[in-house]
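Visitor: Have a look; sequence and predicted model below, questions after that.
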Amino acid sequence: MSFTISKKYNDADPRKLADWQVADIAEETMPSVAEWQDKLGLKKDEIIPYGRLCKLDFMKVIDRLKDRPDGKYIEVTAITPTPLGEGKTTTSMGLMEGLGKRGKNVGGCVRQPSGGPTMNIKGTAAGGGKALLIPMTEFSLGLTGDIDAITNAHNLAMVALNARMQHERNYDDAELAKRKLKRLDIDPTNIEMGWVMDFCAQGLRNIVMGLGGKMDGFLMQSKFGITVSSELMATLSIVRDLKDLRERLGKIIVAYDKKGKPVTTTDLEVAGAMCAFMRTTINPTLMATIEYQPCLVHAGPFANIAVGQSSIIGDRMGLKMFDYHITESGFAADIGFEKFWNVKSRLSGLVPNVSILTSTIRALKMHGGGPAVVAGRPLPDDYTKENLQLLEKGIVNMTHLIGVIKKSGISPVVCINAFHTDTKDEIAMVRKYAEKAGARCALSEHWLKGGDGALELADVVMEACKDKPNFKFLYPLEMPLRQRVDTIAKEVYGADGVSWTPEAEAKAKRLEADPNFKDFTTMMVKTHLSLTHDPTRKGVPKGWILPVRDVLIFAGAKFLCPMTGSISLMPGTSSDPAFRRIDVDVNTGKVMGLF
């Protein structure tokens with residue numbers, strides 16, 4: 001069964017229409033939940049309806065399909081981007097559409113977008129033009145509630161913590177015992193967690209709470225992060241089932257007592273209630289490309305401050321449902337792909353076939369020394385007119401990241417995400433260097449032409465999928481933490497080495513000596529705008545040292561997170577945020593202005 005694309009959509013020109021307008025056209029004939037059930041062979045009890053969308057019951061679907069062979073596993077990453085992004089999601093959508101045009105059973109799984117960037121500079125993560133995920137409004141504004149559930153579950157842990165600290169201050173041990181509580185003796189100067197909300201709210205990075213009387217909570221310094229940086233979001237992306245989720249939620253370290261012993265969500269007796277909030281989050285949401293290929297949406301952690309992947313659950317399900325399954329890693333290959341390679345694939349046991357390195361001539365010119373690219377401002381002429389000299393200088397960023405992908409044993413494919421300002425000579429130069437570096441290369445015009453513009457990419461990816469993967473991790477899990485960080489810094493980022501603050505090194509030594517942390521994976525926290533810790537340094541910088549200032553502990557997710565540079569877990573809202581242009585048509589109820 002195939003779905004019919006309307007003439008109105010075929011005639012739509014994304015150069016003249018905003019993304020939300022193109023989406024509106026496609027959504028007029030978008031398949032219903034019942035039609036998806038028929039096309040995908042889903043059982044009635046495997047579908048959980050949500051308006052014109054549905055979730056899929058993961059445990060039921062994976063049990064029914066457990067003996068079906070996996071499809072081809074394709075990951076999409078990118079070169080180090082401009083602040084505008086270089087189109088990984090449009091490439092993911094375009095590839096699905098192109099493979100669909102070739103008659104293939106194709107689908108994918110991408111992350112749910114955060115309300116922070118949706119209402120800030122970057123906009124939603126739905127793709128764009130004719131390489132777009134629909135329905136766009138639902139996708140951009142909360143979807144089926146997973147991020148809200150994670151926000152509630154995370155903040156419930158903080159409610160439990162502060163309330164417990166208040167009660168332990170107000171009551172002696174005998175009075176606590178009457179309430180069936182034991183004294184945890186929490187150290188108010190050693191709190192690991194903070195609060196979360198799904199917006200970019202720099203004014204909440206550092207707060208003081210508990211002002212008032214003795215019944216108004218415990219007075220302490222605290223903080224907010226963005227929800228997608230929460231350990232709970234990272235945990236959702238890597239769990240295998242509901243049982244795994246429940247066990248991991250109980251191991252989350254909320255604070256430490258005055259002897260330095262961890263205080264967990266289990267100690268606070270809150271893990272079960274947290275899991276109750278998150279019980280339905282293990283089920284991916286079914287959506288579609290703008291040309292009606294199925295695409296799952298599940299989990300949404302950032303890559304610069306978290307794991308940056310859609311879920312293992314989504315990939316397990318997609319590999320059983322589709323012959324070609326596309327997944328996407330956040331930001332660039334130095335962080336998103338590195339975590340896909342050494343964390344997600346290690347935990348899932350799944351072996352990828354192909355990694356697509358999304359590249360734009362615009363970003364390569366920036367890496368060659370082009371003027372600063374600033375979101376919301378017109379691009380300088382260097383980016384809209386041919387400049388082979390600038391381009392050639394910047395291609396090193398692409399070839400460096402091709403080399404990173406090749407170290408994993410996965411076949412690299414460079415996708416030149418085409419812009420109308422790109423010239424034939426510029427495209428030929430990128431292709432020449434990509435192939436010289438050992439990658440296949442395809443030009444793709446999916447933004448402008450949808451699946452018809454992604455046929456070359458689809459063909460090249462299918463050819464690459466015939467290669468037998470020689471997959472290998474960058475480091476063994478037995479390697480000590482500081483050595484792992486040194487390996488990542490040198491082999492992936494191109495650093496000369498790593499420097500640790502005295503406090504960070506002391507913490508790393510304690511973690512290395514503690515057998516409880518031996519099987520924790522390494523989750524680097526680093527800017528996405530440079531291979532280095534400094535977002536202003538472009539290309540492939542030489543002669544630099546990566547500074548580590550702290551190591552966060554995500555005991556539920558089992559991540560050790562070295563913090564580099566000055567990156568924050570709570571982004572800030574800009575002076576020209578997207579929310580200024582978003583509104584509702586009060587006559588139709590449709591949302592306008594999303595991009």
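Guide: Thanks, I have the structure now.
Visitor: Which residue ranges of the stretch 101-250 of the chain form strands?
Guide: In the stretch 101-250 of the chain, the strands defined using DSSP state E, counting those that start in this stretch lie at 106-110, 127-128, 131-134, 186-191, 195-197, 207-209, 220-222, 224-226.
Visitor: List the strands paired with the second one, with their directions.
Guide: Applying DSSP bridges, strand 127-128 is found paired with strand 131-134 (antiparallel).
Visitor: ok now the partner strand, how far from the chain's centre?
Guide: Strand 131-134 sits 17 Å away from the centroid of its parent chain (C-alpha atoms, centre = their mean, to the nearest Å).
Visitor: which residues sit against it?
Guide: Outside strand 131-134, the residues within contact range by C-beta atoms under 8 Å, 6 or more residues apart in numbering are 19, 22-23, 26-27, 30, 87, 89-91, 93-94, 97, 110, 126-127, 139, 287-290, 295, 297, 446-447, 450, 454. Quick note: C-beta positions are derived from backbone N, CA and C, even for glycine.
Visitor: hey, C-alpha coordinates of it in PDB?
Guide: Taking C-alpha atoms only, strand 131-134 is exported to PDB below (Å, rounded to 0.1, in the frame of the first residue of the first chain):
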ATOM      1  CA  ALA A 131      12.200  17.400   3.500                       C
ATOM      2  CA  LEU A 132      10.000  17.800   6.500                       C
ATOM      3  CA  LEU A 133       8.400  15.900   9.300                       C
ATOM      4  CA  ILE A 134       4.600  16.200   9.800                       C
END
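Visitor: Would you mind putting the strands of the stretch 101-250 of the chain into TSV with distance to residue 240, mean pLDDT and mean neighbour count alongside?
Guide: Shown next, in TSV, are these (distance: least, C-beta to C-beta, whole Å; pLDDT from 0 to 100; neighbours: other C-beta atoms under 10 Å):
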stretch	distance to residue 240	mean pLDDT	mean neighbour count
strand 106-110	15	98	28
strand 127-128	28	93	26
strand 131-134	25	97	28
strand 186-191	30	97	16
strand 195-197	24	98	22
strand 207-209	36	97	13
strand 220-222	32	97	16
strand 224-226	26	96	24
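Visitor: so which of those strands gets nearest residue 164?
Guide: Among these, strand 186-191 comes nearest to residue 164, with 6.9 Å by C-beta to C-beta.
Visitor: quick one on the thing from earlier: please convert the strands of the stretch 101-250 of the chain to CSV, extending it with distance to residue 402.
Guide: As requested, the strands of the stretch 101-250 of the chain are exported to CSV (distance: least, C-beta to C-beta, whole Å):
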stretch, distance to residue 402
strand 106-110, 23
strand 127-128, 24
strand 131-134, 23
strand 186-191, 43
strand 195-197, 36
strand 207-209, 44
strand 220-222, 44
strand 224-226, 31
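Visitor: right, and those - which one's nearest residue 340?
Guide: Using C-beta to C-beta, the nearest of the strands of the stretch 101-250 of the chain to residue 340 is strand 106-110, at 12.3 Å.
Visitor: Which strands or helices does that closest one pack on?
Guide: Helices and strands touching strand 106-110, by 3 or more C-beta pairs under 8 Å, 6 or more residues apart in numbering; DSSP states H and E, are helix 88-101, strand 294-297, helix 312-321, strand 324-328.
Visitor: mind checking which of those is nearest residue 511?
Guide: Closest among the helices and strands packed on strand 106-110, using C-beta to C-beta: helix 312-321, at 24.3 Å.
Visitor: other SSEs contacting the closest one?
Guide: So helix 312-321, by 3+ C-beta pairs under 8 Å, 6+ apart, packs with helix 58-64, strand 106-110, strand 294-297, strand 324-328, helix 345-348.
Visitor: where does this structure have low pLDDT?
Guide: 1 (pLDDT under 70).
Visitor: longest strand anywhere in the chain?
Guide: Ranked by residue count under DSSP state E, the longest strand found in the chain is strand 545-554.
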